[in-house]
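In: Generate coordinates for the sequence data below:
(2 chains)
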Amino acid sequence: MAQSAQGLGGLKYDPTKKTRANEWNVLVALILIVLVFEVLNRLNGTSFLFNMRDNVDSLFNQQRLDIIVLQVAITGVIALGATQVIILGGIDLSPGSVVGATAMVTMSFAQTAMVNGNPNPNAVFGPAWLDLPVIVPIAIGLGCGLIAGLINGLLIAYTRIPPFIATLGMMVSARGVARWWSNGQPVSFPTESYGALSNGDLLGSLTFGLLSWQGQNPAVVFIILAVLFHVIMKFTLYGKRSYAIGSNEAAARMSGIDVDRHKVLVYTIAGILSAVAAVLLTSKNLSAQAGMGVMYELDGIAMAVIGGISLSGGRGSITGTVLGALIFSVIISGFTSIRLDAYYQEMVKGAIIVGAVVLDQWRQKSRARG
Amino acid sequence: MTNFILETRGLTKRYGGVHALEDANFTLAPGEHVAVVGDNGAGKSTFVRQITGVEQRTAGEIFFDGQEISHAGPLEAREAGIETVFQTLALADDLDVPSNLFLGREIFKFRLGPFSWLDRKAMRDRTLEALKTTAVKIPNVDNPIRNMSGGQRQCVAIARTAAFASKLVIMDEPTAALGVQETAQVENIIRGLKERGVPLILVSHNLRQVFDLVDRIVVFRRGRIVASLRRDETDGNDIVSYITGVKGNAETAYA
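Out: Sure thing, here's the model as predicted:
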């Protein structure tokens, strides 16, 4: 009876071993994928990561790295919200449509009065609503996201309908709002300051010119939000409650956590994050269309799942999602770098999402066996 | 004013036409450890559920710590000082041991509504302390409890109860699913509670355990309390006679 406290009943459990964080596996996967593309590129005499041009003085292929971050920045912001909702044990199908609706509404308040010396031909509202300070469309946009998220949260927490259904309803309705807003017409010609939201140099102004990352503001915002929510999920009551509810809702209730109120809060934050994505997207494109953001929710969920967030709730982290987003992006960039057709890209993307969930199931099973 | 920590008078619970608990008169002295035994469906768990506020009683009175109580839910009971280990573990599998111990009563560095900053070090330190006083051995408290054996998880649940117990601990079959060594560990925790003078109601099927641990044994049969016997005045056969109805069938005993 040397073992008195552990390894009882034939259960395999090594007490000295600290469970390795799931994120390490995701990081290893990311590195492996990068390596694969590097090798594939080398076979063609090019490089995936490194600079091969003699006239550019840089070790890495800066352009590629920029694109890898930029092309997932906007859906990445949605993935941050999706991560929190999934950790809570829920699911949110509405972000894509909320992006569409928010984009239309926000853009309508961001329009400029004069386009090339002519009155804005595309104005949604009268002259009094043109050339508003940039804070107005931002506030209205975030408000739209807040309302959508709040409705999601209230429905899920107080009518007890499954999150899948509640957010599916929001997905369809918000898309309807987006189309109804301007009868399907695109809304364009924003003020210069609105356009600068995405296309300016936020990093430059944040660091007082010390650093500069021109035109990469969505990536900067994504990184800032990722760090913010990483801290919130890891160190605050908000995170602890989210993990507890996703892990065992009954236990959370029994422990005195106001589960319903917390759910409303998490879905509301996810809604606001969708609105942030909408603002970044419209500012980047200088235009809003009713069809914007289609499939964004699935991209966001996919990034979270690839990053090791368990769809059954309670497990995963923002770090995992950021790594998942990078894997997602590296794969797209990698396929482009080896000149693979976009059609194949989507097929492989789908397979990777399914593969990530299968992997998650296996992990759970092997844990259940102890 | 009574000098009992817990007293029930005429406690009754009916589920529709089923009389799950009938006219239960029960007392618990400060520091006393009492076992509640009985056959399946005898009303043991029903009795516990009325005291812990999980269910609302049909009739009767409950006095706790000198005051009549009517807990609207398990939370109020917990706030009043009644800590319970439920048959189904109320633990979050994906959280580590400190998070589970402090679930719903976290310690903060500073408060900011839902974004209050957790004092993880303080919670960890106090967890280690609590595990030490309750003699629970958990090798690595930073692992999520999902990775632990059933017995260790049960020990975490019991340690949580024991660590925060201020006035009364109730355990509903805490060792039902445990192996021999884990059962021994739980029994050590219970002895620790006795030393600290924390009163306990232990629902158990295990008569050996009951005779080892408690001061008094209360027998339930068909929703009624049929016997209340001091440990040194009875034996296993006697208890079994009451449980099966060979003895004490006619009258309702006052526990």
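
In: can you pull the buried residues of stretch A:201-211?
Out: Buried residues in stretch A:201-211, counted by 16 or more other C-beta atoms under 10 Å in any protein chain shown: A:201, A:202, A:203, A:204. (Each C-beta comes from the backbone N, C-alpha and C, glycine too.)

In: could you pick out which of those residues are near chain B?
Out: By C-beta under 8 Å from any C-beta of the partner chain, no member of the buried residues of stretch A:201-211 lies near chain B.

In: can you tell me the residue of the stretch 151-255 of chain B closest to chain A?
Out: residue B:179 (4.6 Å; C-beta to the nearest C-beta).

In: Buried residues, stretch A:269-289. List them.
Out: Buried residues in stretch A:269-289 (16+ other C-beta under 10 Å): A:269-285, A:287-289.

In: can you tell me if that stretch touches chain B.
Out: No: against chain B, stretch A:269-289 shows no contacts by C-beta under 8 Å from any C-beta, the least distance being 10.0 Å.

In: Spatially nearest residue to the residue located most distally from the centre of chain B (excluding sequence neighbours)?
Out: The C-alpha centroid of chain B is most remote from residue B:112, which lies 34.1 Å away (C-alpha atoms, centre = their mean). Closest residue to residue B:112 apart from its sequence neighbours, by C-beta to C-beta, 6 or more residues apart in numbering or on different chains: residue A:236 at 7.7 Å.

In: in the sheet, who's paired with the one you found?
Out: With DSSP bridges as the criterion, residue A:236 is bridged to residue B:117.

In: Which ones among the buried residues of stretch A:201-211 map onto helices?
Out: A:202, A:203, A:204 (DSSP state H).

In: Among the residues you listed, which one sits closest to residue A:113?
Out: Relative to residue A:113, the closest of those is residue A:202; by C-beta to C-beta it sits at 25.6 Å.

In: Please spell out which residues along the helix or strand hosting residue B:163 are buried.
Out: Per DSSP states H and E: residue B:163 is located in helix B:150-164. Neighbour-count burial for helix B:150-164, counted by 16+ other C-beta under 10 Å, picks out B:150-163.

In: One more: stretch A:238-257?
Out: A:238-249, A:251-257.

In: what does stretch B:124-136 give?
Out: B:124, B:126, B:127, B:130, B:131, B:134, B:136.

In: returning to that earlier point: downstream of the helix holding residue B:163, the next helix or strand is which one?
Out: From helix B:150-164 onward toward the C-terminus, using DSSP H and E, the following helix or strand is strand B:168-172.

In: and the angle for the helix or strand following that following strand with strand B:168-172?
Out: Tracing the chain past strand B:168-172, the next element assigned as helix or strand by DSSP H and E is helix B:180-195. Relative orientation of helix B:180-195 and strand B:168-172, computed by axes from the mean of the first three to the mean of the last three C-alpha atoms, to 10 degrees: 160 degrees.

In: which other helices and strands contact helix B:180-195?
Out: strand B:33-38, helix B:150-164, strand B:200-203, helix B:207-213 (3 or more C-beta pairs under 8 Å, 6 or more residues apart in numbering or on different chains; DSSP states H and E).

In: All the strands of the chain, residue numbers only.
Out: Here I'm looking at chain A. Along chain A, counting by DSSP state E, strands occupy A:114-115, A:118-119, A:187-188, A:287-288.

In: my question was about chain B
Out: Counting by DSSP E, the strands of chain B are B:6-15, B:18-28, B:33-38, B:59-64, B:67-68, B:82-85, B:108-110, B:117-118, B:168-172, B:200-203, B:216-221, B:224-230.

In: Could you save those as a markdown table and add columns showing distance to residue A:173 and mean pLDDT?
Out: Supplementary listing: the strands of chain B in a markdown table, determined by distance: least, C-beta to C-beta, whole Å; pLDDT from 0 to 100:
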| stretch | distance to residue A:173 | mean pLDDT |
| --- | --- | --- |
| strand B:6-15 | 43 | 90 |
| strand B:18-28 | 47 | 89 |
| strand B:33-38 | 54 | 92 |
| strand B:59-64 | 49 | 89 |
| strand B:67-68 | 51 | 84 |
| strand B:82-85 | 44 | 85 |
| strand B:108-110 | 39 | 91 |
| strand B:117-118 | 37 | 94 |
| strand B:168-172 | 46 | 89 |
| strand B:200-203 | 51 | 92 |
| strand B:216-221 | 55 | 92 |
| strand B:224-230 | 57 | 89 |
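
In: closest to residue A:52 out of those strands?
Out: strand B:117-118 (47.6 Å).

In: contacting residues around that closest one?
Out: A:235, A:236, A:237, A:240, B:106, B:107, B:108, B:109, B:110 (C-beta atoms under 8 Å, 6 or more residues apart in numbering or on different chains).

In: What of stretch B:194-201?
Out: Outside stretch B:194-201, the residues touching it (C-beta under 8 Å, 6+ apart) are B:5-6, B:28-36, B:48, B:51, B:162, B:165, B:167-171, B:190, B:193, B:213-214.

In: Of those, grab the buried ones for ChimeraX.
Out: Filtering the contacts of stretch B:194-201 down to the buried ones (16+ other C-beta under 10 Å) takes a single ChimeraX command:
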select /B:5,6,28,29,32,33,34,35,36,48,51,162,165,168,169,170,171,190,193,213,214
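
In: do stretch A:215-227 and chain B meet at all?
Out: No: on the criterion C-beta under 8 Å from any C-beta, stretch A:215-227 is out of touch with chain B, staying 14.7 Å away.

In: Could you give me the buried positions within that stretch?
Out: So, applying 16+ other C-beta under 10 Å, buried residues of stretch A:215-227: A:216, A:217, A:218, A:219, A:220, A:221, A:222, A:223, A:225, A:226.

In: what's the closest of those to chain B?
Out: For the buried residues of stretch A:215-227, the nearest to chain B is residue A:225 (14.7 Å; C-beta to the nearest C-beta).

In: For the closest one, give me its contacts.
Out: By C-beta under 8 Å, 6+ apart, residue A:225 lies in contact with A:77, A:80, A:273, A:276.

In: now swap in residue A:91 and tell me
Out: A:85, A:163, A:164, A:167, A:301, A:311.

In: could you flag which of these are buried?
Out: The buried subset of those - by 16+ other C-beta under 10 Å - is A:85, A:163, A:167, A:301, A:311.

In: Residue of the stretch 251-370 of chain A nearest chain B, please.
Out: residue A:255 (3.2 Å).

In: so that residue makes contact with residue A:241?
Out: No: counting by C-beta atoms under 8 Å, residue A:255 does not reach residue A:241; the two are 9.7 Å apart.

In: And residue A:162, how far from chain B?
Out: From residue A:162 across to chain B, the span is 21 Å (C-beta to the nearest C-beta, to the nearest Å).

In: Chain B contacts on the stretch 101-250 of chain A?
Out: Residues of the stretch 101-250 of chain A that fall close to chain B, judged by C-beta under 8 Å from any C-beta: A:232, A:235-238, A:240-241, A:243-244, A:246-248, A:250.

In: For residue A:280, which non-adjacent residue is spatially closest?
Out: Nearest to residue A:280 is residue A:218, by C-beta to C-beta, 6+ apart, at 4.4 Å.

In: quick one: contacts for residue A:322?
Out: Contacts of residue A:322 by C-beta under 8 Å, 6+ apart are A:76, A:226, A:230, A:307.

In: I'd like to know which of the residues you listed are buried.
Out: Applying 16+ other C-beta under 10 Å to the contacts of residue A:322, the neighbour count classes A:76, A:226, A:230, A:307 as buried.

In: Could I get those residues in CSV, plus columns for pLDDT?
Out: Converted to CSV, these look like this (pLDDT from 0 to 100):
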residue, pLDDT
A:76, 96
A:226, 97
A:230, 97
A:307, 91
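
In: Turn these into CSV, including distance to residue A:345.
Out: Listed next are the buried ones among the contacts of residue A:322 as CSV, based on distance: C-beta to C-beta, whole Å:
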residue, distance to residue A:345
A:76, 18
A:226, 24
A:230, 29
A:307, 19
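
In: Looking at those residues, which are in helices?
Out: Per DSSP H, the subset of those in helices is A:76, A:226, A:230.

In: re the thing from before, what would the buried residues of stretch B:124-136 look like in CSV with pLDDT and distance to chain A?
Out: Listed next are these as CSV, based on pLDDT from 0 to 100; distance: C-beta to the nearest C-beta, whole Å:
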residue, pLDDT, distance to chain A
B:124, 93, 13
B:126, 90, 16
B:127, 91, 14
B:130, 84, 16
B:131, 84, 11
B:134, 74, 13
B:136, 75, 8
